[in-house]
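J.: starting from these lines, generate the structure:
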Amino acid sequence: MTDHETATKLGRRPLSIRNRFLIISLVTVPAALALAGLFMVSVFSANLERRLDAELTGHINNIAASLRFAADGSPERPAGFFDKRFEDAYGGLYWQIGDDTSPVRLRSHSLWDYTLTLPTVLPSDGRVLRYDTAGPDGAKLTAQQRQIMIPTPAGLKTLQITVAADRKPLQDAGYRFAFDILPYLAGLALFLIGASLIQVVFGLKPLAALTSGLDSIRERRGGRLEGVLPKEFEPVEISVNRLLDAQAQAIAKARARAGDLAHGLKTPLTVLSNDALTLREKGETEMADEIDRLVRLMRTHVEAELARSRIVANAELRQSDADMEKIIGQIVRTLKRTPEGEALEWQMEIGEPADVPLDPHDLRELVGNIVENAVKWAASEVAITWSDRRLTVTDDGPGVDPEKIRTMTERGVRLDEQVPGTGLGLSIVQEICTVYGLTLSIENRQTNGLRVSIGF
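T.: From the prediction side, this is the model:
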């Protein structure tokens, strides 16, 4: 199961790409700098170790060069140019000299009463042997020992020269180095995380352009994605445009087929009406009435389905936005030419803005059905108001029984069989309101008449 499917199943939205990159940066940058810090401390410590080895080797060479022997061949204490730490008790730097007769013939003052532990096997070729050993006060020492042959008044003599140093200064230097570079690594981490965030924000700008382009299409300010994305997103742009074209063609075909079907049924219904008239002339009144009733019923269904086929499936599929003032004007001019409309007084108040996010055909169907219903029942006046994103149509007719208002938008409901109509007008209005998420309100006026209001 993918992350998106898992998140959907749990009822939450997956993390955004920006947040994912930020989390990755917050994890990887500190981890990478931590590894880099460990590597730098390791390199620094290795350099200190090499420096210490070189220092110890130098001390061994200096001691060997300064050795003097008594007449009996015993070595004398070297003196005069050594590090001061050799003189201070437990000063951290120590030397020790032994021979074949005694492993400790001479030692530095820094050892005081302590004796360095010697390795069990010494190289006989004069190479320097490096090893770790214990020191005074439990100190950890790094030691070097070299076995040399030196001519003495008593002949050649084999000596073992050992020099050792406390490791604590090296460890302290490594810790200080780590603490010294820590602020710089932290600053570098903040810089890299900030740079990653800037890179993500700048790199994801094309997605904002994609969102803007899709919003423009949804709001019918454009029909396609044209050049809004960089080259890397060109396949996405082409695919979206193909999808939009296919969707538009499918909607157009569906509407055309519904229209063709409805118009195709009108001719047979007209023939049946003529047959009913012929039967009535022949005295078959009962059969003619039955045919007329069925024809009217079928015409009602055909006209209703024809009207519904022209309503978009959802608000995003509208062809463009509609001009409320223009459509109301067209509908009123048409109804004023009807016998009922000529006898009425019309009042219109259209505020700004007039553009609404409805397909022009759907808005014409919506307003037309409401106003036609008002014309049917009005006694002398119809008022239409568009203000604060709300359309209100009122008449001064008899109004409606409050208990029956709720059923007015149900399909085929007619409150008065004596008034011509199909009972589908307000049900179509309700369907359009449902598609676009509009609020429909029907109520009696305080004096007389009905008020139909739609909030956008």
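
J.: quick one, helices of this structure?
T.: 3-9, 17-65, 168-203, 205-218, 234-281, 285-309, 324-336, 339-342, 360-377, 425-436 (DSSP state H).

J.: how near is the closest residue to residue 399 other than its chain neighbours to residue 141?
T.: Nearest non-adjacent residue to residue 399, counting by Cβ to Cβ, 6 or more residues apart in numbering: residue 444, 4.2 Å away. Any C-beta I mention is one placed from the backbone N, CA and C, and that applies to glycine too. According to Cβ to Cβ, to the nearest Å, residue 444 and residue 141 sit 105 Å apart.

J.: can you check residue 206 too?
T.: 64 Å.

J.: likewise for residue 337?
T.: Residue 337 sits 115 Å away from residue 141, going by Cβ to Cβ.

J.: more neighbours, the two?
T.: More neighbours surround residue 141 than the other of residue 337 and residue 141, with 21 against 8 (other Cβ atoms under 10 Å).

J.: so what pLDDT did the closest residue to residue 15 other than its chain neighbours get?
T.: Nearest-residue entry for residue 15: residue 23, 7.5 Å, with adjacent residues in sequence omitted and distances by Cβ to Cβ, 6+ apart. Looking at residue 23, its pLDDT stands at 87.

J.: now residue 223
T.: pLDDT for residue 223: 64.

J.: the one 10 residues further on now?
T.: Reading off the confidence values, residue 233 has pLDDT 69.

J.: tell me what residue 157 is bridged to.
T.: Here residue 157 shows beta-bridge partners residue 150, assigned using DSSP bridges.

J.: next, format the helices of the chain as JSON lines and append mean neighbour count and distance to residue 157.
T.: Below are the helices of the chain laid out as JSON lines (neighbours: other Cβ atoms under 10 Å; distance: least, Cβ to Cβ, whole Å):
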{"stretch": "helix 3-9", "mean neighbour count": "11", "distance to residue 157": "79"}
{"stretch": "helix 17-65", "mean neighbour count": "14", "distance to residue 157": "12"}
{"stretch": "helix 168-203", "mean neighbour count": "13", "distance to residue 157": "34"}
{"stretch": "helix 205-218", "mean neighbour count": "15", "distance to residue 157": "83"}
{"stretch": "helix 234-281", "mean neighbour count": "13", "distance to residue 157": "87"}
{"stretch": "helix 285-309", "mean neighbour count": "15", "distance to residue 157": "118"}
{"stretch": "helix 324-336", "mean neighbour count": "17", "distance to residue 157": "118"}
{"stretch": "helix 339-342", "mean neighbour count": "12", "distance to residue 157": "137"}
{"stretch": "helix 360-377", "mean neighbour count": "21", "distance to residue 157": "115"}
{"stretch": "helix 425-436", "mean neighbour count": "20", "distance to residue 157": "110"}
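
J.: residue farthest from the centroid of this protein?
T.: Largest separation from the mean C-alpha position in the chain: residue 71, at 90.0 Å (Cα atoms, centre = their mean).

J.: does it touch residue 153 like I think?
T.: Yes: taking Cβ atoms under 8 Å as the definition, residue 71 is a contact partner of residue 153 at 5.4 Å.

J.: for residue 294, give its distance to residue 284.
T.: Distance of residue 294 to residue 284, given as Cβ to Cβ: 15 Å.

J.: meant to ask about residue 116, not that
T.: In terms of Cβ to Cβ, residue 116 sits 136 Å off from residue 284.

J.: same deal with residue 64?
T.: Residue 64 is 143 Å from residue 284, by Cβ to Cβ.

J.: same question, residue 27
T.: Taking Cβ to Cβ, one finds residue 27 at 89 Å from residue 284.

J.: also residue 389?
T.: The spacing between residue 389 and residue 284, counted by Cβ to Cβ, is 56 Å.

J.: now do residue 431
T.: Residue 431 is 39 Å from residue 284, where distance means Cβ to Cβ.

J.: repeat for residue 29
T.: From residue 29 across to residue 284, the span is 93 Å (Cβ to Cβ).

J.: try residue 126
T.: From residue 126 over to residue 284 (counting by Cβ to Cβ), the distance is 139 Å.

J.: cool, residue 89 as well?
T.: Between residue 89 and residue 284 the computed distance is 140 Å (Cβ to Cβ).

J.: same check on residue 30?
T.: According to Cβ to Cβ, residue 30 and residue 284 sit 95 Å apart.

J.: test my guess that residue 156 contacts residue 149.
T.: Yes: in this structure residue 156 lies within contact range of residue 149 using Cβ under 8 Å: 5.4 Å.

J.: beta partners of residue 146?
T.: Beta bridges link residue 146 to residue 128, residue 161, judged by DSSP bridges.

J.: show me what contacts it?
T.: By Cβ atoms under 8 Å, 6 or more residues apart in numbering, the contact list for residue 146 reads 60, 64, 126-129, 160-161.

J.: identify the farthest-apart pair in those.
T.: Across those, no pair lies farther apart than 64 and 129, at 14.6 Å, counting by Cβ to Cβ.

J.: please report the distance of residue 109 from residue 91.
T.: Using Cβ to Cβ, residue 109 is found at 8 Å from residue 91.

J.: between these two, who's got more neighbours?
T.: Looking at residue 109 and residue 91 with other Cβ under 10 Å, you find the greater number of neighbours at residue 91, namely 18 against 14.

J.: pLDDT value on the residue lying closest to the more buried one once chain neighbours are set aside, please?
T.: Nearest non-adjacent residue to residue 91, counting by Cβ to Cβ, 6+ apart: residue 85, 3.8 Å away. In the prediction, the pLDDT value recorded for residue 85 is 87.

J.: equivalent analysis for residue 88, please.
T.: You'll see residue 88 listed with a pLDDT of 86.

J.: was I right to think residue 73 contacts residue 152?
T.: Yes: contact criterion Cβ under 8 Å: residue 73 and residue 152 qualify, at 4.2 Å.

J.: the more surrounded of the two?
T.: Taking other Cβ under 10 Å, residue 73 and residue 152 do not tie; residue 152 has more neighbours (18 against 15).

J.: low-confidence ranges, the stretch 301-450 of the chain, go.
T.: Residues of the stretch 301-450 of the chain that meet the criterion pLDDT under 70 lie in 301-320, 407-425.
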